[in-house]
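Asker: below are the sequence and a predicted model; questions follow.
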Amino acid sequence: MSDPVGHRGPAASGPAAAAGEPENPENPENVEYRVAHFQDRLAAEELGELGVRAEIRAGAIALTGTVPSARCRETVLRIAREELAGLTVHADVVVAETTRPDHAEEL
């Protein structure tokens with residue numbers, strides 16, 4: 001299932017902003033920088049999530065992977081909205097099944 005996460009809005013960070021230049025959120029160089037920054041945030045913050053991939057596909061960002069809980073998934077999507085604002089984002093991030101099996105495994 002794919003959840004559109006992105007929306008149109010001003011970009012908050014990037015190399016052009018650091019140089020005092022107006023930013024074009026759809027500039028390919030800027031998009032790659034923003035995707036890398038998104039992945040850094042996922043790995044470095046309280047989430048420590050390395051199971052989510054962000055790839056640029058056909059002008060949009062595709063988020064894929066598996067996370068341990070619904071709360072973790074919501075955090076990933078929140079960070080994506082913050083870091084990738086103004087870009088089209090499709091999220092296919094699923095929550096891992098952690099319930100006990102309801103029957104014995106047959107070998």
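Answerer: Nice, thanks for sending it over. Residues are numbered from 1 along each chain as shown.
Asker: going by C-alpha atoms from here, please, whenever you check contacts or count neighbours.
Answerer: OK.
Asker: give me the number of residues near A58?
Answerer: 7 (other C-alpha atoms under 10 Å).
Asker: contact partners for it?
Answerer: For A58, no contacting residues are found, by C-alpha atoms under 8 Å, 6 or more residues apart in numbering.
Asker: now do the end-to-end distance for stretch 48-66.
Answerer: This stretch, stretch 48-66, spans 13 Å end to end (C-alpha to C-alpha, to the nearest Å).
Asker: quick one: distance of that stretch to the chain centre.
Answerer: Between the centre of stretch 48-66 and the centre of its chain there are 6 Å (C-alpha atoms, centre = their mean, to the nearest Å).
Asker: buried residues, it. List them.
Answerer: For stretch 48-66, burial by neighbour count (16 or more other C-alpha atoms under 10 Å) applies to 49, 52-54, 61-66.
Asker: which members of these are the farthest-apart pair?
Answerer: Taking every pair in the buried residues of stretch 48-66 and measuring C-alpha to C-alpha, the maximum separation is 17.6 Å, between E49 and I61.
Asker: S69: neighbour count?
Answerer: Per other C-alpha under 10 Å, the neighbour tally for S69 reads 14.
Asker: which non-adjacent residue is nearest it?
Answerer: V95 (5.5 Å; C-alpha to C-alpha, 6 or more residues apart in numbering).
Asker: ok, now A43?
Answerer: Nearest to A43 is E49, by C-alpha to C-alpha, 6+ apart, at 5.1 Å.
Asker: I'd say the one you found and D40 touch.
Answerer: No: counting by C-alpha atoms under 8 Å, E49 stays clear of D40, with 9.5 Å between them.
Asker: mind checking the SS state of the residue nearest to the spatial centre of the chain?
Answerer: Centroid check for the chain by C-alpha atoms, centre = their mean gives A80 as the closest residue, at 4.3 Å. Taking DSSP: H, G, I helix; E, B strand; the rest coil as the rule, one finds A80 in the helix state.
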